[in-house]
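[1] Give me a model of this one.
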Amino acid sequence: MNALTQDLVDLLTLEKLEEHIFRGQSRNLVGKRVFGGQVLGQALRAASYTADRPAHSMHAYFLYGGDINAPIIYEVDKLRDGKSFLSRQVRAIQHGRTIFSAMVSFATPEEGLNYQVAEPDYPAPNELKSEQELKENLISFIPENIRAAFMRPRQVEIKPINIGNPFQPQPEAPLNAFYMKTYEKLPQQLADDVALNQSIVAFYSDYSFMVTALRPHGMTYLSPSIQIASIDHAIYFHKPVKADEWMLYDMDATVTASSRGLNHGRMWQNGELVCSTVQEGLMRMREIEQR
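    Numbers count the residues shown, from 1 in each chain. As a prediction, this is how the structure comes out:
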């Protein structure tokens with residue numbers, strides 16, 4: 001496999017320590033703290049190791065920033081095993097404290113009523129430049145001290161639809177969209193692993209999500225006057241997903257208030273709405289930060 005794809009699979013493959021206790025490794029993906037998507041994906045994978053059916057929803061809270069230099073322990077509590085639904089609680093523990101908590105629900109696939117809103121009309125992935133190509137065009141804007149980190153490729157391939165310069169942001173509509181997938185096809189055994197595919201989707205559901213609410217303010221995650229952090233995150237799996245096929249992630253923000261912003265997302269694959277997401281994030285102006 002592509003080295004980045006292999007690294008992603010390794011990151012989302014946990015070591016079993018005891019019954020319902022697992023250990024995941026950390027990576028420096030976005031800076032000094034563990035990337036929220038890493039914890040989302042690993043926590044979902046930990047819960048899936050105790051389940052015999054696909055996840056249909058996950059509701060998570062980020063409690064503390066994670067240490068990129070230390071592994072994370074995931075403890076799974078089996079709250080309910082029903083004929084149709086399973087309920088699991090997951091705690092991510094690092095340095096003796098809980099840094100993340102989530103509830104995960106698993107459901108037996110069923111046939112029933114079907115409806116979805118219309119898919120947005122965007123250019124196809126083959127008509128767009130990759131995020132990495134777009135970064136190359138920004139070289140002259142990137143400060144030397146962050147150039148290496150900014151140019152480092154992500155674990156999945158991304159093709160943005162809403163193109164902008166994060167170093168010279170302008171106020172715009174609170175909309176964001178891009179396509180994502182692994183860099184290459186997963187080997188058949190991994191491609192058929194439902195839990196792995198869902199964990200990869202959970203991993204990349206956190207990419208550029210929270211910054212959607214910054215757009216009407218003409219700010220980005222690079223703006224020096226803003227402190228941002230994910231507070232909570234929910235993901236709903238409506239239909240089967242394939243992490244190695246293009247996924248359209250369409251996002252919008254509905255409100256910013258009380259130093260928080262609320263973002264909504266929809267994931268489309270092959271014309272079907274396969275996932276929905278919601279995230280609230282901290283958006284605090286540093287000059288008015290409470291002490």
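
[2] Tell me the buried residues in the longest strand along the chain?
    For the chain, the longest strand by residue count, based on DSSP state E, is strand 272-285. Neighbour-count burial for strand 272-285, counted by 16 or more other CB atoms under 10 Å, picks out 273-284. C-beta: built from backbone N, CA, C; applies to glycine.

[3] Could you name the helices and strands sitting against the lengthiest helix in the chain?
    Longest helix of the chain, by residue count under DSSP state H: helix 36-48. Judged by 3 or more CB pairs under 8 Å, 6 or more residues apart in numbering; DSSP states H and E, helix 36-48 is in contact with helix 3-11, strand 21-24, strand 55-62, strand 72-81, strand 85-94, strand 97-107, helix 194-204, strand 226-237.

[4] Pull out the buried residues from the shortest one.
    Within strand 21-24, the residues that count as buried by 16+ other CB under 10 Å are 22, 24.

[5] and it, what's its mean pLDDT?
    Strand 21-24 comes out with an average pLDDT of 98.

[6] hmm, who's touching it?
    The contact list for strand 21-24 (CB atoms under 8 Å, 6 or more residues apart in numbering) reads 11-12, 14-17, 38, 42, 45-46, 49, 71-76.

[7] Then the fourth one?
    Under the contact criterion CB under 8 Å, 6+ apart, strand 72-81 has outside partners 14, 17, 20-26, 34, 39, 42-43, 46-47, 49-50, 66, 86-94, 99.

[8] Narrow those residues to those that are buried.
    14, 20, 22, 24, 26, 34, 39, 42-43, 46-47, 50, 66, 86-88, 90-94, 99.

[9] what ranges do the strands span in the stretch 101-250 of the chain?
    157-160, 175-181, 226-237, 247-257 (DSSP state E, counting those that start in this stretch).

[10] any chance of those strands in TSV, with mean neighbour count and mean pLDDT too?
    What follows is these, written out as TSV (neighbours: other CB atoms under 10 Å; pLDDT from 0 to 100):
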stretch	mean neighbour count	mean pLDDT
strand 157-160	20	96
strand 175-181	22	97
strand 226-237	19	95
strand 247-257	19	97
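
[11] can I get the CA coordinates of the lowest-mean-pLDDT helix or strand in the chain in CSV?
    Within the chain, no helix or strand scores below helix 144-151, which has a mean of 87 by mean pLDDT, DSSP states H and E. What follows is helix 144-151, C-alpha atoms only, in CSV (Å, rounded to 0.1, in the frame of the first residue of the first chain):
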residue,chain,number,x,y,z
GLU,A,144,9.4,29.6,7.2
ASN,A,145,8.8,28.3,10.7
ILE,A,146,5.6,26.4,9.7
ARG,A,147,6.4,25.6,6.1
ALA,A,148,7.4,22.0,6.7
ALA,A,149,4.4,21.2,8.8
PHE,A,150,2.0,23.0,6.4
MET,A,151,3.3,21.2,3.4
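
[12] follow-up on the earlier one: now the strands of the stretch 101-250 of the chain as CSV including distance to residue 148?
    Output for those, formatted as CSV (distance: least, CB to CB, whole Å):
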stretch, distance to residue 148
strand 157-160, 19
strand 175-181, 23
strand 226-237, 22
strand 247-257, 26
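
[13] Tell me which residues touch the closest residue to residue 203 other than its chain neighbours, please.
    Nearest residue to residue 203 in three dimensions, chain neighbours excluded: residue 41, at 3.4 Å (CB to CB, 6 or more residues apart in numbering). By CB under 8 Å, 6+ apart, residue 41 lies in contact with 11-12, 199-200, 202-203.

[14] same thing with residue 55?
    44, 47-48, 104-107, 195, 198, 237.

[15] Equivalent analysis for residue 166, please.
    138, 220-222.

[16] Got phi/psi on it?
    As for residue 166, its main-chain torsions (degrees, to the nearest 10) stand at phi -70, psi -10.

[17] State the distance from it to residue 134.
    10 Å (CB to CB, to the nearest Å).

[18] Can you show me the CA trace of the longest strand of the chain as PDB?
    C-alpha atoms of strand 272-285 as PDB (Å, rounded to 0.1, in the frame of the first residue of the first chain):
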ATOM      1  CA  GLU A 272     -26.100   8.500  -1.800                       C
ATOM      2  CA  LEU A 273     -26.100  10.400   1.500                       C
ATOM      3  CA  VAL A 274     -24.100   7.900   3.500                       C
ATOM      4  CA  CYS A 275     -23.100  10.000   6.600                       C
ATOM      5  CA  SER A 276     -24.100  13.100   8.500                       C
ATOM      6  CA  THR A 277     -21.900  15.000  11.100                       C
ATOM      7  CA  VAL A 278     -22.300  17.800  13.600                       C
ATOM      8  CA  GLN A 279     -19.600  19.500  15.600                       C
ATOM      9  CA  GLU A 280     -19.400  22.400  18.000                       C
ATOM     10  CA  GLY A 281     -16.100  24.100  18.400                       C
ATOM     11  CA  LEU A 282     -14.500  26.700  20.600                       C
ATOM     12  CA  MET A 283     -13.800  30.000  18.800                       C
ATOM     13  CA  ARG A 284     -12.400  32.400  21.400                       C
ATOM     14  CA  MET A 285     -10.700  35.700  20.600                       C
END
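
[19] Thanks again, I'm all set now.
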